[in-house]
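Enquirer: Pasting the sequence and the predicted coordinates here, then a few questions.
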Amino acid sequence: MNFLSDPGRLTHIGSIIITLLSGVAVLFLRMRASNKPTTMRKIIMPPIGMSTGFLMFIAPVTRVPWSWALTAFAVGALLFAYPLIRTSKLERIGDTIVLKRSKMFIFILLALLLARLLLHDVVEQSVTIPQTGGLFFILAFGMIVVWRVAMLRAYKKLERVHNKSI
């Protein structure tokens, strides 16, 4: 059988390529965003904007049991958010607060992308492709929400310290 004639294999390879391209795009954006002034709005808007993705669950084909969704959220929130929190530091420079990028940040993002690719294949063996997409969306949402809440707390702390010194 010809390698390219198997639609399932082509779909799988396409999924991997899209994931890798998306991951590289995210890495590029994260690298550009670091060391630039940030605001509370810039911290809270990504999870708010991402939350519209939950509309995918209107389609029955993407729905998963609640226990699976909660597990995916917990894995993102407890496992995947931690390295991002540890490598994202906010600091005040003059009147602005900037996100200082750790030298390990790029490696953390690459490791998270690799873990996602490996986990994707495992999960996809048990559930449909649309359900897999839904579960990984929930995992990513859990990761982003926890990471951004930690950043928001650090941001507010820097603002309080600055306001007390004025």
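Expert: Looks like it came in fine.
Enquirer: next one: phi and psi at K103?
Expert: phi -60, psi -20 (degrees, to the nearest 10).
Enquirer: Just give the number of residues close to it.
Expert: The burial count assigned to K103 is 7, neighbours taken as other C-beta atoms under 10 Å. In this view, the C-beta of every residue, glycine as well, is placed from N, C-alpha and C.
Enquirer: What's the separation between it and Q125?
Expert: Separation of K103 from Q125 (C-beta to C-beta, to the nearest Å) stands at 36 Å.
Enquirer: And I85, by the same measure?
Expert: 31 Å.
Enquirer: who's more crowded, the two?
Expert: I85 (16 against 7).
Enquirer: residues in contact with the closest residue to that one other than its chain neighbours?
Expert: Using C-beta to C-beta, 6 or more residues apart in numbering and skipping the chain neighbours, the partner closest in space to I85 is A150 (4.5 Å). Contacts for A150 were tallied using C-beta atoms under 8 Å, 6 or more residues apart in numbering; they are A81, I85, S88.
Enquirer: Just the mean pLDDT for the helix or strand hosting A150, thanks.
Expert: Using DSSP states H and E, A150 maps to helix 129-165. The average pLDDT within helix 129-165 is 90.
Enquirer: Could you count how many residues lie near I144?
Expert: With other C-beta under 10 Å as criterion, I144 counts 20.
Enquirer: Residue numbering should commence at 12 henceforth.
Expert: From this message on, residue numbering opens at 12, which makes the last subject I155.
Enquirer: so what's the closest residue in space to it that isn't next to it in sequence up against?
Expert: Once flanking residues are discounted, I155 sits nearest to P58: 5.1 Å by C-beta to C-beta, 6+ apart. Counting by C-beta under 8 Å, 6+ apart, P58 touches F152, I155, V156, R159.
Enquirer: Same question for G144.
Expert: G144 neighbours (C-beta under 8 Å, 6+ apart): M67, T73.
Enquirer: And for A80?
Expert: G145, L146, I149.
Enquirer: Could you report the separation of the second one from I140?
Expert: It stands for L146. In terms of C-beta to C-beta, L146 sits 11 Å off from I140.
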